[in-house]
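> quick one, fold the following:
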Amino acid sequence: MPYHLHFGEADPLRIRFAVSPLWETHSAVRVLARPQKQGYHLPWMRRIAGAARELDLGPLQLLMPLSGHSPDFLYPPPLGPAASFEEEIAAVRETDPALALDDFERALADTPGAASTAEGRRMLADPAGALLRLADLLRAAWEALVAPDWPRLRALLEADVAYHSRRLAEGGLERLLGELHPAFAWDATTATLTVAYRGEHIRPLAGQGLVLMPSVFTWPDVVSGFDPPWQPTVVYPARGIGGLWSEAGDRTPEALSRLLGPVRADVLCALDEPMGTTALAHRLGRAPSSVSAHLTVLRDAGLLASRRYGHQVLYERTPLGIAVSQPGAP
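Residues are numbered from 1 along each chain as shown. Here you go, the predicted structure:
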């Protein structure tokens, strides 16, 4: 059943993208409990298996029903486009215990028997203490599961935001919403975004606008909701996760390495999405100064184009660069 978001006159002007390390931490914990969501993340699963065994993720996973409500206060929409984990977890700790209790009650009710478990009873009896324990557990999960790979994840998420921001500028809101995910449907006559999601819900945006948030670990689902007082938000799978955990050299044709040199060929083949120098250096495990020099050579050769996005310069393959890096493509 769908989720309907009704736009008012001012709401299209208040659409923004955001990236959230807290959301990715929550979603990573969910992936560990959902085998059907693990397909794209097996290299990551193998790498963090030992660290995950050291964590008691049960309290967090108790609040992740298969279908129904998850506590919004544990991962609210970030206030800015790129909030740090420290900023986000600080906001969790400042949550009103009465709001946390309401979220606990709703989430536990959506998993049969959850409220009667020892942990469920503990949450309901002491919501203030529970939210602090959960914040500590989220921090531990962040440090063990997500932070070591955050430069790689952030690069992919920021590349997605850059791509869709450009699509918004080129084609407007209707085009953007039509391309983000097959679950999205835009009705221009009623100014309504319908998201195929669990449960029937109608929410006027009422001037708050909408947060669009790409996610690595949410795949293949879209997530919508975030009841008041939170800003309406839709989380969707980021582009390019199929190659997220592969190393750049794994995708570089040997003949291209011989032609351009192995490092320069890796730089070209790693640019599946527009990316800045620092993010690309993280992905390749090389110094930014070295990557920058190779990017300049590839751009001067007509294989890459560059453009400024905010404070950074993004590089992407030109049609010639695509043809060279994917020789088997039509």
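
> all contacts plus neighbour counts: C-alpha atoms, from now on.
Will do.

> let me see the backbone angles for residue 234.
Dihedral pair for residue 234: phi -130, psi 130, per degrees, to the nearest 10.

> do residue 314 as well
According to degrees, to the nearest 10, residue 314 has phi -100, psi 140.

> for it, give me the pLDDT.
We note a pLDDT of 84 for residue 314 in this prediction.

> do residue 193 as well
Looking at residue 193, the pLDDT reads 87.

> what sits up against the strand or helix carrying it?
Assigned by DSSP states H and E, residue 193 belongs to strand 192-196. Outside strand 192-196, the residues within contact range by CA atoms under 8 Å, 6 or more residues apart in numbering are 1-7, 177, 183-187, 224.

> and these, which is closest to residue 140?
residue 224 (26.0 Å; CA to CA).

> skipping adjacent residues, who's closest to that closest one in space?
Excluding the flanking residues, the one nearest residue 224 by CA to CA, 6 or more residues apart in numbering is residue 234, at 4.5 Å.

> number of residues surrounding that neighbour?
When neighbours are defined as other CA atoms under 10 Å, residue 234 has 19 of them.

> in the sheet, which residues pair with it? Tell me.
residue 212, residue 224 (DSSP bridges).

> need the contacts of strand 192-196 in TSV with secondary structure and distance to residue 301, can you?
Output for the contacts of strand 192-196, formatted as TSV (DSSP: H, G, I helix; E, B strand; the rest coil; distance: CA to CA, whole Å):
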residue	secondary structure	distance to residue 301
1	coil	51
2	strand	49
3	strand	48
4	strand	48
5	strand	46
6	strand	48
7	coil	46
177	helix	35
183	coil	40
184	strand	39
185	strand	41
186	strand	41
187	strand	44
224	strand	44
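
> most neighbours out of these, which is it?
Most surrounded of the contacts of strand 192-196: other CA under 10 Å gives residue 5, at 25 neighbours.

> that one bridge partners, please.
Counting by DSSP bridges, the residues bridging with residue 5 are residue 193, residue 203.

> any idea how far it lies from residue 66?
23 Å (CA to CA, to the nearest Å).
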